[in-house]
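Q: This is the structure alone, sequence omitted:
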């Protein structure tokens, strides 16, 4: 079960595939197709770093995060977390491992059970894993609340009494409760107002520093990803098209999709905006049920050539630590 | 200048009261003027919130009050009813009190006036009012048992189906679909015929004997309850399944799974509490249906055993007399209508109160 | 959008086609038809069905139409003489057919119907009756094309007359076990009939002999006053074999022969149209010559509508029905109404309502308890307050007015009467003996599901509680189960039934019901099984003698003794009341009042 | 240039169970012909309510415009009869809403919906209107516009739907286009397409635009003038370059500082604005931002500052100079 | 969509199979037989009757025979309508003396001259017509009532309308029917108290051949009595649904386009708000067609409804089976039509 692994790699994702079957039939169901949500994704996450995973909606970034945590069982591939392949894990063992990896969800409204008090929500992992008992739970909850900057006295309130930012803090406290080493942050700030986003991002950064956490930070906001990540992976239609250290990626994006994406992000400075030239992509993202042959991006790519339709571009390292999947690079 | 006083709290929750999004805000409105004064925040569960909104709904309150009164009347029937429900005074058959003659003047030429009975007496001289009071038992117990049985069976069935999904769900829901194609009233009639005759005169000491004794003790209500319950659960199962399916996809359930929560915990701690609202509402709104089913069964003679009164049987008996002695149909029908009104209003109110979209609003 | 609309329209059309396919397919030989008139050719017989619904009220100066409700919900069960067993079916049969003998519906006098007869006792002590059948009665049917009644012709084109063969055919068909006639048992008195009907007897052995086309001879096992009645019952009406079984020029119709278009008969009226669950129209038979007992009808058509009593009475009040029964619920109002009360008639109806005891069941296995319960029923109070139809308190079972029944004039003290004091005393005796108290007695009183029976049950329950302190447990069951229960080994302690006459003789009451193996005293292999569960040799003997006795006065006496045993000495049943029929009739109707459940409309007239 | 729309002292309130919410408190602004005015603010600041109030589209009850005027072409929109304002809506002022999914009637074809304003306002026949609608759809970049007239909204992708929405708003060539967060629900690459499209259309059709958003980035490259709203008030108004280059209100400043910048490589801690916006259950008597403001002085608690001129064309509602922290005047 | 319909029809057969099996088992489990008479038939006769109707065979075989008779079509030279034993619901003439026969639901035990198919042919159309009319009454009363209540939410109109609606459900037909008869039939004499204005044969098997005033006047009271309860359901549903729809964004869009309020309501709000109403119409129609027992007895209408009840009390096995299967098919077909209607109303729904 234990797999050879670099000591500082906490998570290795190898050829991860997640297809959602499309079934038909009333009594006898048969599969007629599949949504190719994640279609062969490979990357490592190093201990203590933040890996940003960006892409537009429907590109499979959230599915990747959930599949890593085994909330969806992958169709194929390996997810080696702290030396063990989660894909082959089952039942109690997997349940135990969950203590070490947690998730912060996008929607601060839907991710908290409205029928439970904040204390119950944050204390739940402690009870599930039986790490604390009785009064200890209460104390730990109070401590966690303080940690995320909430008044410990709020433990007996219900989620709906809190604002979005505060709820997201509750979600963070819950994720922290079992002192995990990896936290998958699934668009944790995209539902929040600008001024609140900064609060939550700062909190996440502070906590990372304090507890040596590793984040897989999933977002569509390239500015925020740039701000928080050490390395960034760009996803398009179920695959990673480019992965590089932050500075490399933003300074020198190699994949045409990354380039287009970056050029589309508005910058809050009229002077810069005046001079910027945007790469406007044509059309919409194709359906993940029938992804284009060859390079997935070719249907919208300004550089697309014949080869792109025929061959899948390899995901290769073009500079140290800078990987890209494009025939034109 | 002044910055210090305002920045005493470095943690961000210091100043804000509570939610921004439509939620029952109970905050100090003048917070900005009041400086660092501590805020009064009253914590309130969703249930309390729903209760409060329910209480503000006048129709629901009226409905709820009527229901409470009805149940009190039912429990205190022995005290309230002036006569035993089976007490006949043959010579007073079809008699009416004087005041009713003013309400229904058509009765003038033939009605026998006896003022002992405030709503009149029935065809064998039993006090109509007392019978209505006692008759509430059947309808009001149906109103409890019907939902209870259908909740127990339906919620169990629907939760299993919805929670496990996939093949299990598919098979279980196909079964419900097929049972749905049964005309429920016919199914009840068949069941009733089956029960009635199977349990008619069993040998003492057997299981069927005790069941029939119980049914006799209940004046024949037991089989009505079973019949209604056995047909009513399917709606509940479907609703439950739908609700479970939708809640199952919610992020907080995913969060619980990410925490390693067991299926049981997810079901009982996370899913069930969140679907109770719609289920309760649906059941409340289904109660009038159960009551009228009982009335229909009484009409076709599969109701309670005489002389136990039920509104359904009183109405169907009275309906034949509607021209001659309208009071014998009108009053039980009125009692039934008021009860159904009350449950409907309460159900509507509950629905509004539990509707998450309306949470925290008027 | 358009295509979708088309799909839905198409779906609807397909749906209606499926339903449309339900109708019998018209044969392609039908030529072009008038669009409004629906013509359906059913096996070469074109039936033109006019699309207009039946007139709700008879036209002012047109044909005389009698609007008459059945008074009960649902369809007429059958129009097959061999299968009929209920009053609505028999009502139609009696007007469309005539038996060998015909009962006067008001006097219960037996008159010649289709035949005159003479009776003799043969060497074996059997009664041989020879029927001389009229030779002037043709078979007729309603012809939809000409909208008239026509005579039936045979394959050679000759008019078919009603013959002895037709009668004999019916007798044998009724008795044929394959027919499954519910009423065949009334014919069991005929030699060979019971054997054929219920065992392995042969049809040839049934003593119904055709001597010639118009002479029929029937041999009964024993002489009895009521034998000619039995021969005239509907189970012996002539039926058209050529329609039922087919012949050279007719398709066999089997059980369907009674339906509109196929039906053939010969009585004073002819069935024109039978719209199931709605109505049945009978028109006057112009070929009926009129006899002493069955005159030529004065009214042209009877519109016999299948309506439950309350809607029927509403129609009467609305002026759309000429006659109606009065629902109990409306009784008080009708009697107080100045107009309606003038139209009311209360006449006897030859039925008895009674409660039976399972004489082998606990508590009621003691005759004192049974007698006490019987004496505690205040029949008059029940009638006055609950039934309200002027019924008569019953002191015994065989309703007075029947041949050989005791009457209140001759036997005022026969049987059992309301006597609370003696009831109490009797019960007390029993209680003292068994060391019980009245409220310890567990008695179940079962009735079949019906509002009327429930009222009676509730009232009697209260009377017993008031007088005797016994609270009985009321249980009701639906009819099919109820019959099963009452006639099983699980027969409840007290149960209810009613009995109406088939033919006007006490034999049809007490003997047919309470002899061992009788209707309410069933037996299996000679052992009582269910019902009243009763064996009394003395009563059996009295009933047997009464049947064969020819002196009417002696018969009454014998039956009176049997009744005394039945209702008093053994107190096997509680006779409750003797029925009456309560009707209203519009003043313009000239009518007779039948006492046996049937009306003879050929004697009626309308003077609007 | 002349003022096309002049809004003065607009006040809108909503009656709720908790009390009257003062959603808009004395908002004034002018819109000049052909210009693009940006209205920026966080959720609940009253930016949408403001423009909806001007067009009298707030649901009433519970909403009510209690004061102010909105003069368009010499007539006060707020005093018009229902019939008069109806002729303004869609004809003179077009609206684009945030959620292109829910803002279309799901059961009517796109053609019907786009053509509808033409039928009402231009008196065109159904056929004419559909022809014109097709042209308009062509103009906003819907391929095969003619054929797609018979399609239903759900058959379009999010970006396409928003294009259709714009076509519908502009089909009568209105003088003013009000775009209420039109790109919030869209991905960045699609957002770029839409911004590009609107700019092109403005160039071609010459309408004035009011663009409401919470995204300071978008506005920087789009608007000529920007209003910043907070708690139902305009707290700063300035030409776009002036606002971004020289923000004069602590809130504006805070917002700008809390944004991570794509164009800067240094990793700095985001400046967050602590606390939450107030719930407006009464008309603010003090500066509504004061409780969150690090520059607040006594006067801020005593007096709600009006819009003060702080530069040429630059107005800010603050008693303090944010650069110096000293009171104004 | 064709495949969708085909699948649903296939599903219908599955439903028939299961429903018939359960009904068959249950009805034979209920004590009491079809040949109980007050004057009991001799056991020999009962045995004969049972043989005639194959009731002497093992239950499984009887069930198999039943399924065979209803499911398996056959082609032979038997002309339809000749005998009770071979009476098929669907008879299509293929050639001079070749007939296609399908669906024999068996004889009726309580009406010896009729088959279940006869009951379907003669009585079902009446119930069908009554059901359609009651449904029409329900829609015509319910929808406007719901709209008014929603548009005037929390006003006297709303409360009054909803009270009327609940009253409609609360007053049973048992009371309403005689009341209507008393008022309009007997006292005012505007309408005939009882009866039905059409009789067999029916156009296309379901529709009356003429529909003059005479037809309608018979139908008014029963249709109202039957439809009132359903109208209440529709009114409440319409109200709730409309209240929700008017809050939708696209209603705001419509207003923003400058539409008149009337148009906003009729063109944009109404259609959307009626979609949930449509979904209940299927089961409602099935219930209205079959749940007419009380109405039929009260108004003396020759419909199917009473057979649903009396067949059970009479232990008329083929009629029990036939009516219950009929209901099941009705429900499935009604739901299918509703689903298609649904797709028609809501383009988002597609059935592959």
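A: Received the coordinates, thanks. What you are looking at is a predicted structure, and each value in this text was computed from that prediction instead of being measured. Numbering: from 1, shown residues only, chains lettered A, B, ... in the order given.
Q: what about the strands in the chain?
A: I'll assume chain A. For chain A, the strands defined by DSSP state E cover A:9-24, A:30-46, A:50-54, A:76-81, A:84-85, A:101-104, A:182-186, A:214-219, A:231-236, A:239-245, A:316-319, A:322-324.
Q: try chain D instead
A: Remark: strands assigned in chain D by DSSP E are D:3-16, D:19-32, D:36-40, D:63-72, D:75-76, D:93-96, D:176-180, D:208-213, D:225-230, D:233-239, D:308-311, D:314-316.
Q: who wins for proximity to chain B among the strands of chain A?
A: With Cβ to the nearest Cβ as the criterion, chain B lies closest to strand A:101-104 of the strands of chain A, at 4.7 Å. Where C-beta positions appear, they are placed from N, C-alpha and C, glycine not excepted.
Q: Identify the residues contacting residue C:231.
A: Contacts of residue C:231 were listed using Cβ atoms under 8 Å, 6 or more residues apart in numbering or on different chains, and they are C:99, C:100, C:101, C:117, C:129, C:131, C:218.
Q: Which residues of the stretch 151-300 of chain E lie near chain D?
A: E:247-250, E:252-261, E:263, E:267-268, E:271-272, E:275 (Cβ under 8 Å from any Cβ of the partner chain).
Q: For chain C, which of the strands of chain D is the nearest?
A: The nearest among those, by Cβ to the nearest Cβ, is strand D:93-96 at 27.0 Å.
Q: So in the chain, which helix runs the longest?
A: Picking chain A for this. Taking DSSP state H as the criterion, chain A has its longest helix at helix A:194-211.
Q: ah, I was thinking of chain E
A: Using DSSP H, we find that the single longest helix of chain E is helix E:116-151.
Q: can I assume residue C:187 is in contact with residue C:172?
A: No - contact between residue C:187 and residue C:172 fails when scored by Cβ atoms under 8 Å: they sit 9.9 Å apart.
Q: Tell me which of those two has more neighbours.
A: Under the criterion of other Cβ atoms under 10 Å in any protein chain shown, the comparison of residue C:187 against residue C:172 puts residue C:187 first, with 25 against 18.
Q: which residue packs closest to the more buried one, ignoring adjacent ones?
A: Spatial nearest neighbour of residue C:187, excluding adjacent residues (Cβ to Cβ, 6 or more residues apart in numbering or on different chains): residue C:193 at 4.9 Å.
Q: and what of residue E:45?
A: Going by Cβ to Cβ, 6+ apart, residue E:45 has residue C:180 as its nearest residue, at 5.3 Å.
Q: wouldn't that neighbour be in contact with residue E:43 here?
A: No - look at residue C:180 against residue E:43 with Cβ under 8 Å: they stay out of range, at 12.0 Å.
Q: So which of these two has more stuff around it?
A: residue C:180 (23 against 10).
Q: what's near enough to touch the more buried one?
A: Neighbouring residues of residue C:180 by Cβ under 8 Å, 6+ apart: C:83, E:35, E:41, E:45, E:46, E:48, E:49, E:52.
Q: From chain D, how far out is the second one?
A: The span separating residue E:35 from chain D equals 57 Å under the rule Cβ to the nearest Cβ, to the nearest Å.
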